[in-house]
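Undergrad: Here's my sequence, what's the structure:
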Amino acid sequence: MKESSGLKSVTVIGLLLVVILLIFSVFVLENAFSGSDEGNAEDIAGYSGNLRVLTTPDIHSHLFSMSENDTGTRIGRIGALAETLGEKNEDTIYLFAGDLGEGGFYHMYSGVPEAGAYSMAGIDAAVLGNHAFDFNNSLLKVWATNASFPILCANIDFSDDVLNETVKDYVILDSGDAKIGVFGILLPQLGEFVEIPGGVVIYENTTAIAESVVKELEDQDVDVIIALTHQYEDEDVELAESVSGIDLIIGGHDHLVWNRTVTAPDGSSTLIVHAGKYGEETDSVDLVFENGEVTGTSIERYQITEDMPVDPEITSFIMPYYENYTSSLSEPIGKTLVPLDATYETIRTNESNAGDLITDAIRTNVPGVDIALINSGSIRGDCIIPAGEMSYLTLETLLPFENMIVTVQMTGDEVKDTLERSASAIVFPGEEEGNVHKLSSGGFLQVSGVRFDINSSGESFTADFNNDTIISKGDRIENLTVVTTDGIAPIDPDAVYTVAVNDYLAGGGNGYTNIRAISDDKKVNTEINVIGLLASDIEENSPISPECDGRIRVLG
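TA: Sure, this is the predicted structure:
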């Protein structure tokens, strides 16, 4: 009986324990599911609210007074406009899409004035541009560490510990009630524009990198994701079409004003906005979010003009740098009797008298040179220099990169192959703009010592630059001749000519990997600075009056 009674007691106790466990489990599960439902509802709902994004890309050190009589500054007006548009409001952020500095001023002060002025203007984050690498890592390090805003680039690595720590993949910004994740992407073909310094690795698989960064930002529960890029239109479009989760792309580099809405892989829409160059305008992009989705967008474009208000603190900060820089460079060195056409429309598609002036100065002043070639991307300003006195500062506008002249021994065939690459930089009607297998517009060559026609009906040079494989050698160059002491003669395919180029082209810049491939024993760095040589030539031959002579004829 005792055994039977004990067994019953154990059974009753066991049943009670089972009941208690069932009640406890139901209670826990109810609370768990209840909490989960609330959390899911909140996650599904997502962010609702407004966001304003300001952008002024590709300033290229264009910070100063906008005319001789201007008492304000461009950057002062940009800063004042940003404040008016709400840069200091909680629901507004200001993003800079690369190329903060360029040229002699940038080099003299290592980008500190540019970084300081833009810090004062309220920039919240900036992506690296290709001109960050015009000089060396030391210069980049100076301005990057002097900027009060985060510097971003997810597809680059530095061996330098300071730069690797300073340049982040992304930043999370607070805007009102929203967490904004912003990541940076720099054009993958960086090596076509600059000689990449040692200790710098650029990654070309931007889609995979963007997907990884977007996931990391989503894991941190950001409400909005923005890609801040410095690359061409087709690359931004490909990014938007390939990666889900990006709400907005703010871009730069192409110097164009455009916007486009693209469908991402998950069916959502991604707005892309580019706002031109040189601080000529600031764009305001307004986004409306409902339950985590963009339900409305609007863009306002504001031209920066001299009649706009100026931030006096920014102007007071920047002008002493500029006055010190210009005081020693403003004395006249000569005079031009004709305007010099350095507009991109001309100099990147055809012969230009500014290009003739520069290349003729190289060919006639560097001993032994038969032919001179210079990429139009190294000639800046995008302007017409009026007839009248010229100073060294004028030349800084044209030639900001302080390139050295390198002489290269090239056969006639190699010269023609080089000019075929140059011809591919022109986009003729019916051709695809931004074709990655052709040279960019800055790769178009200004020349001296040769004459030729470019026939648009011929096949264009194309190549896969990722593995340096030529797809088509091209046949657009016709009637190629060389200027000799005895007159003009057809180029000899087998003869060797001394060709002067800048050190950028010698290193394969702008897609001229064929010049880079020429052995070093056929190259000589003259250590002659292009701008210094041009200044001496103008001073010696002033007044000058360069005119186009038909050395490049574009047919059709």
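
Undergrad: Next, the buried residues of stretch 464-483.
TA: By neighbour count on 16 or more other CB atoms under 10 Å, the buried set for stretch 464-483 is 465, 470, 474, 476-477, 480, 482-483. For glycine as for every other residue, the C-beta is placed from the backbone atoms N, C-alpha and C.

Undergrad: Let me have the residues you listed in a markdown table, extended by pLDDT, secondary structure and distance to Asn205.
TA: Below are those laid out as a markdown table (pLDDT from 0 to 100; DSSP: H, G, I helix; E, B strand; the rest coil; distance: CB to CB, whole Å):
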| residue | pLDDT | secondary structure | distance to Asn205 |
| --- | --- | --- | --- |
| Phe465 | 86 | coil | 15 |
| Ile470 | 96 | strand | 23 |
| Gly474 | 97 | coil | 29 |
| Arg476 | 98 | coil | 33 |
| Ile477 | 98 | strand | 35 |
| Leu480 | 98 | strand | 39 |
| Val482 | 98 | strand | 44 |
| Val483 | 96 | strand | 46 |
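
Undergrad: Using JSON lines, lay out the residues you listed together with distance to Gly103.
TA: Formatted as JSON lines, the buried residues of stretch 464-483 follow (distance: CB to CB, whole Å):
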{"residue": "Phe465", "distance to Gly103": "27"}
{"residue": "Ile470", "distance to Gly103": "34"}
{"residue": "Gly474", "distance to Gly103": "33"}
{"residue": "Arg476", "distance to Gly103": "32"}
{"residue": "Ile477", "distance to Gly103": "32"}
{"residue": "Leu480", "distance to Gly103": "34"}
{"residue": "Val482", "distance to Gly103": "33"}
{"residue": "Val483", "distance to Gly103": "31"}
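
Undergrad: Closest to Thr349 out of the residues you listed?
TA: Arg476 (13.2 Å; CB to CB).

Undergrad: contacting residues for the closest residue to the closest one other than its chain neighbours?
TA: Using CB to CB, 6 or more residues apart in numbering and skipping residues adjacent in sequence, the residue nearest Arg476 is Gly458, 3.9 Å away. Applying CB atoms under 8 Å, 6 or more residues apart in numbering to Gly458 gives the contacts 474-478.

Undergrad: so where do the strands sit in the stretch 151-300 of the chain?
TA: Under the criterion DSSP state E, counting those that start in this stretch, strands of the stretch 151-300 of the chain are mapped to 151-152, 156-158, 167-168, 170-175, 178-186, 200-202, 224-230, 248-251, 257-263, 269-275, 281-290, 293-303.

Undergrad: nearest to Gly412, of those strands?
TA: strand 200-202 (34.9 Å).

Undergrad: Distance-wise, check Asp341 relative to Glu351.
TA: The gap separating Asp341 from Glu351 is 10 Å, by CB to CB, to the nearest Å.

Undergrad: one step back: helix/strand/coil for the residue nearest to Arg476?
TA: coil (DSSP: H, G, I helix; E, B strand; the rest coil).

Undergrad: Distance check, it against Gly556.
TA: Separation of Gly458 from Gly556 (CB to CB) stands at 10 Å.

Undergrad: ditto for Thr418
TA: Distance from Thr418 to Gly556, counting by CB to CB: 22 Å.

Undergrad: neighbour count winner among these two?
TA: Taking other CB atoms under 10 Å, Thr418 and Gly556 do not tie; Thr418 has more neighbours (23 against 10).

Undergrad: I'd like to know which elements the host helix or strand of the more buried one is packed against.
TA: According to DSSP states H and E, Thr418 maps onto helix 412-423. Judged by 3 or more CB pairs under 8 Å, 6 or more residues apart in numbering; DSSP states H and E, the packing partners of helix 412-423 are strand 371-375, strand 445-448, strand 450-455, strand 477-484, strand 496-502, helix 513-516.

Undergrad: how does it look with 7 Å?
TA: strand 477-484, strand 496-502, helix 513-516 (3 or more CB pairs under 7 Å, 6 or more residues apart in numbering; DSSP states H and E).

Undergrad: average pLDDT for the shortest one?
TA: The predicted model assigns helix 513-516 a mean pLDDT of 95.

Undergrad: now whatever helix or strand comes next after that helix against strand 496-502, angle please.
TA: Moving toward the C-terminus from helix 513-516, the next helix or strand (DSSP H and E) is strand 523-529. If you take axes from the mean of the first three to the mean of the last three CA atoms, to 10 degrees, strand 523-529 sits at 40 degrees to strand 496-502.

Undergrad: Which residues does strand 523-529 contact?
TA: Under the criterion CB atoms under 7 Å, 6 or more residues apart in numbering, residues 366, 402, 404-408, 503, 506 lie in contact with strand 523-529.

Undergrad: of those, closest to Leu173?
TA: Nearest to Leu173 among those is Glu402, at 36.2 Å by CB to CB.

Undergrad: three-state assignment of that closest one?
TA: Per three-state DSSP, Glu402 ends up coil.

Undergrad: roughly how far apart are it and Phe133?
TA: 14 Å.

Undergrad: before we move on, what about Gly430?
TA: Relative to Phe133, and taking CB to CB, Gly430 is found at 35 Å.

Undergrad: Of the two, which one has the most company?
TA: With neighbours defined as other CB under 10 Å, Gly430 and Phe133 compare such that Phe133 has more, 22 against 6.

Undergrad: Can you tell me how far the closest residue in space to that one that isn't next to it in sequence is from Phe135?
TA: Among residues not flanking Phe133 along the chain, Val194 sits closest, at 4.4 Å (CB to CB, 6+ apart). For Val194, the distance to Phe135 (CB to CB) stands at 9 Å.

Undergrad: now do Asp492
TA: For Asp492 relative to Phe135 (CB to CB), the value is 39 Å.

Undergrad: Check Glu313 too.
TA: According to CB to CB, Glu313 stands 29 Å off from Phe135.

Undergrad: roughly how far apart are Met120 and Leu337?
TA: 42 Å.

Undergrad: and what of Ala506?
TA: Distance from Ala506 to Leu337, by CB to CB: 33 Å.

Undergrad: higher neighbour count, the two?
TA: Ala506 (25 against 11).

Undergrad: what's the closest non-adjacent residue to the more buried one?
TA: Going by CB to CB, 6+ apart, Ala506 has Val406 as its nearest residue, at 4.0 Å.

Undergrad: Quick one: the helices in the stretch 51-200 of the chain, in order.
TA: 74-84, 103-109, 112-121, 137-146, 161-166 (DSSP state H, counting those that start in this stretch).

Undergrad: angle of the fourth one against helix 112-121?
TA: When you say that, I think you mean helix 137-146. With the same axes, to 10 degrees defining the directions, helix 137-146 sits at 20 degrees from helix 112-121.

Undergrad: need the contact list for Ile151.
TA: Ile151 is in contact with 126, 128, 144, 166-168, counting by CB under 7 Å, 6+ apart.

Undergrad: partners of it in the sheet?
TA: On the basis of DSSP bridges, Ile151 is bridged to Ala126, Val167.

Undergrad: Next one: it relative to Pro57, how far apart?
TA: 15 Å.

Undergrad: cool, Gly279 as well?
TA: Taking CB to CB, one finds Gly279 at 9 Å from Pro57.

Undergrad: of these two, who's got more company?
TA: Pro57 (33 against 22).

Undergrad: Look at the more buried one and report its pLDDT.
TA: For Pro57, the model assigns a pLDDT of 92.

Undergrad: Got the domain ranges for the protein?
TA: Using automatic domain parsing, the domain ranges for the chain come out as 49-322, 331-555.

Undergrad: from the chain's centre, how far out does the longest one sit?
TA: On the basis of CA atoms, centre = their mean, to the nearest Å, the separation between the geometric centre of domain 49-322 and that of its chain is 10 Å.

Undergrad: what about this protein, any weak spots by pLDDT?
TA: Scanning the chain with the threshold set as pLDDT under 70 gives 1-45.

Undergrad: ok, back up a step: could I have the ChimeraX command that selects the buried members from the contacts of strand 523-529?
TA: Buried residues among the contacts of strand 523-529 (16+ other CB under 10 Å), as a ChimeraX selection:
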select :366,402,404,405,406,407,408,503,506
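
Undergrad: Now the contacts of strand 523-529 in TSV, please, with extra columns for distance to Thr263.
TA: Formatted as TSV, the contacts of strand 523-529 follow (distance: CB to CB, whole Å):
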residue	distance to Thr263
Val366	54
Glu402	44
Met404	47
Ile405	49
Val406	47
Thr407	52
Val408	47
Asp503	44
Ala506	43
